[in-house]
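Enquirer: Just need the structure, nothing else, for what follows:
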Amino acid sequence: MNPDYARMLRHLLQTQEVAALGTLHHGRPHVSMVPFALLPGGAGFAIHVSQLAAHTRDMLAKPEVSLLVVAPPSPGVPVQGLARITVQGRAERYAEGSEGRAEAKAAYLARFPGSADLFGFADFSVFAIWPDSIRFVGGFGQATTISPRTLAEALSDNAPAR
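Expert: Alright, predicted model coming up:
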């Protein structure tokens, strides 16, 4: 990945805490808002959601999902030129004690320490969103499709910081 794109992508995912989550709800598209954290190594995304929410039931029934993260509006930047990432992938619920759950929980709590009490609620679950396809748009004429491996490399601590 181009080092400038990698820098923009890291900045976007480090500064934005909320994603639009697309699920299939009774066979129809449904979009909701979820806070997210990056999983260790940049391999995926962690979300913590209530089973009372339609998107949670949707992910359990049909794990194919999409996440959209968009940069906030900026003076002088047309809305069509805002940086954004669209991830298509699969949602996987982490059962209590399952491999990877502790790391996902730690990543989520590092980003949202005020959410600690919600982990005591029985109806909340941690999910990982594992990307299959990723489209990154850094602005006009700055779009690229990347693999999950390229995403992880761009988000790694060893990525060039230009």
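
Enquirer: Leaving out sequence neighbours, find the closest residue to residue 121.
Expert: residue 50 (7.4 Å; C-beta to C-beta, 6 or more residues apart in numbering). All C-beta atoms are positioned from the backbone trio N, CA, C, and that covers glycine.

Enquirer: And the helices in this protein?
Expert: With DSSP state H, the ranges of helices along the chain come out as 3-15, 54-61, 101-111, 148-155.

Enquirer: So what does the closest residue to residue 74 other than its chain neighbours have for phi and psi?
Expert: Once flanking residues are discounted, residue 74 sits nearest to residue 82: 7.3 Å by C-beta to C-beta, 6+ apart. Torsion angles at residue 82 (phi, psi; degrees, to the nearest 10) stand at phi -70, psi 140.

Enquirer: So residue 82 is in contact with residue 70, correct?
Expert: Yes - at 5.6 Å, residue 82 counts as touching residue 70 under the criterion of C-beta atoms under 8 Å.

Enquirer: any idea which strand is longest in the chain?
Expert: Once the chain is assigned using DSSP state E, the strand that runs over the most residues is strand 124-137.

Enquirer: Rounded mean pLDDT for that one, please.
Expert: Across strand 124-137, pLDDT averages out at 96.

Enquirer: angle of that strand against helix 101-111?
Expert: Put simply, strand 124-137 runs at 70 degrees to helix 101-111, going by axes from the mean of the first three to the mean of the last three C-alpha atoms, to 10 degrees.

Enquirer: Could you check how far strand 124-137 is from the centre of its chain?
Expert: Distance, stretch centre to chain centre, for strand 124-137: 5 Å (C-alpha atoms, centre = their mean, to the nearest Å).

Enquirer: Would you mark the buried spots in it?
Expert: Using 16 or more other C-beta atoms under 10 Å as the test for burial, strand 124-137 gives 124, 125, 126, 127, 128, 129, 130, 131, 134, 136, 137.

Enquirer: about what we covered before: what bridges to the residue nearest to residue 121?
Expert: residue 124 (DSSP bridges).

Enquirer: Could you give the number of residues near it?
Expert: Neighbour count of residue 50, defined by other C-beta atoms under 10 Å: 12.
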